[in-house]
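S.K.: Quick one, fold the following:
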Amino acid sequence: MTETDVFRAIADPTRRQIMTMLAQGDLRVSEIASQFEMTRPAVSKHLALLESANLIQVERQGRETINRLNPDGLEPVAHWLTIFDMFWDDKLTRLKRAVEGSDD
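M.R.: Numbers count the residues shown, from 1 in each chain. Alright, predicted model coming up:
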């Protein structure tokens, strides 16, 4: 699993929607598939890609497959976003100084 795999996985809106669903709780494949107008095998392909990117964990319980969000898998995304947090912090600090300086 590489950082590129994570970004590729979350680039797809269906996979992001699946992750949002799993953020609410663990779900079986059938429960996820019922929310989409696609075949269960198509949903399973999305789940397999999310699993390979370490964004979900899959647990097999007999014939059932339980899918669980792995929030730690989003660490590369969170790290990447901190760059932009620092950028905006700097910009907003400069704006604040400019505004406060003009009120003198």
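S.K.: and the worst-scoring helix or strand of the chain on mean pLDDT, which residues are buried?
M.R.: The weakest-scoring helix or strand in the chain, judged by mean pLDDT, DSSP states H and E, is helix 75-102 (a mean of 82). Neighbour-count burial for helix 75-102 flags residue 76 (criterion: 16 or more other CB atoms under 10 Å). From N, CA and C alone the C-beta is placed, and that goes for glycine too.
S.K.: could you give the mean pLDDT of stretch 29-38?
M.R.: For stretch 29-38, mean pLDDT rounds to 95.
S.K.: Sorry, slip of the keys, the one I care about is stretch 66-74.
M.R.: 95.
S.K.: Centre of the chain to stretch 32-45, how far?
M.R.: Relative to its chain's centre, stretch 32-45 lies at 18 Å (CA atoms, centre = their mean, to the nearest Å).
S.K.: contacts for it?
M.R.: For stretch 32-45, contacts defined as CB atoms under 8 Å, 6 or more residues apart in numbering pick out 14, 17-18, 21, 29-30, 47, 67.
S.K.: Noted, bye for now.
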